[in-house]
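> Following is a predicted model, sequence given first.
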Amino acid sequence: MPSFECQVCHTSFSVPQKSLDKYPGWKPKHCSAHRATKGSTRVPRKKGGGRLIKGSKREECLTLAAVLETYTDGPATGLFTDGSSVPNPGRGGWGVVWVKDGEVRAQEHGYAEQTTNNRMELQALIEAFKLLPEDAEETVHTDSRLCVDTITKWAPNWEKNGWKKKGGEIKNLELVQELLALFRAHPDCRLQWIAAHAGNRWNEYADSLATAWMRDEL
């Protein structure tokens, strides 16, 4: 197997050629002992680095290559989406990756100067469904339970009531309406929640796309 030198401890480690062939251009930089620590709370520095933030939810800003090097678990087929803003509200981004048996078929990401976490989560799902033909049979994953419940439970009732709900305004209404229409236009696709920052490779990959605006390196 090809060998590499860890940039932290400078020991030699090996990676199967099959893994390297799967991701052309990927050059592993860390041995297993020095890959990104799961469970840490991070925000980015340039070049994909990170630092701890007191009191914040765990948020990594790994490069795509670092995600592939670090994570291996989770489903390997479907569309995976994520969105965030730092701070919330503040600057933010969204990302979506479409994979089939662990191979990337398509990916997109974007940025907004002034936004919220929820808006970016919704936008990521909108862009995911736009990637799909109407006869597609795919699972679209999001780590936002709010988005799943909004589209599968609440929005149809709001629509029946003239886009009104008890207790106040419907936030991000234009995005909710657009996503609901796209969801209905893909009747054989499923919208499914997936746990955030639980080691699921392609959810972490989508997170990396959503935070790409923070880095110099994708």
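It's in.
> The longest strand that the chain contains packs against which elements?
The residue-count maximum for a strand in the chain (DSSP state E) belongs to strand 103-115. Helices and strands touching strand 103-115, by 3 or more Cβ pairs under 8 Å, 6 or more residues apart in numbering; DSSP states H and E, are strand 90-100, helix 117-131, helix 201-210. All C-beta spots, glycine's among them, are computed from the backbone N, C-alpha and C.
> hmm, who's touching that strand?
Residues outside strand 103-115 that contact it (Cβ atoms under 8 Å, 6 or more residues apart in numbering): 22, 85, 89-99, 119-120, 123, 127, 131, 209-210, 212-213.
> Strand partners (parallel or antiparallel) of it?
Strand 103-115 has the following strand partners under DSSP bridges: strand 90-100 (antiparallel).
> Report the buried residues of the partner strand.
91-99 (16 or more other Cβ atoms under 10 Å).
> cool, and stretch 209-218?
Residues of stretch 209-218 classed as buried: 209-215 (neighbour count, 16+ other Cβ under 10 Å).
> quick one: terminal-to-terminal distance for stretch 182-192?
End-to-end distance for stretch 182-192: 15 Å, by Cα to Cα, to the nearest Å.
> So what's the gap between it and the chain middle?
Offset of stretch 182-192 from its chain centre (Cα atoms, centre = their mean, to the nearest Å): 18 Å.
> go on, stretch 61-81?
The answer for stretch 61-81 is 9 Å, by Cα atoms, centre = their mean.
> what does stretch 176-188 give?
20 Å.
> Please work out which residues outside that stretch touch it.
With Cβ under 8 Å, 6+ apart as the test, stretch 176-188 has contacts from 122, 125-126, 129-130, 132, 134-138, 147, 150-151, 155-156, 158-159, 163, 170, 189, 191.
> Among these, which lie within helices?
Secondary structure from DSSP state H places 122, 125-126, 129-130, 147, 155-156, 158-159 of the contacts of stretch 176-188 in helices.
> Just the buried subset of those, written out for ChimeraX, thanks.
Buried residues within the ones in helices among the contacts of stretch 176-188, by 16+ other Cβ under 10 Å, are selected in ChimeraX with:
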select :122,125,126,129,147,155,158
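> Please convert the ones in helices among the contacts of stretch 176-188 to TSV, extending it with pLDDT and distance to C61.
As requested, these are exported to TSV (pLDDT from 0 to 100; distance: Cβ to Cβ, whole Å):
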residue	pLDDT	distance to C61
L122	98	21
L125	98	21
I126	98	23
F129	98	26
K130	98	25
C147	98	22
A155	98	31
P156	97	36
W158	97	35
E159	97	37
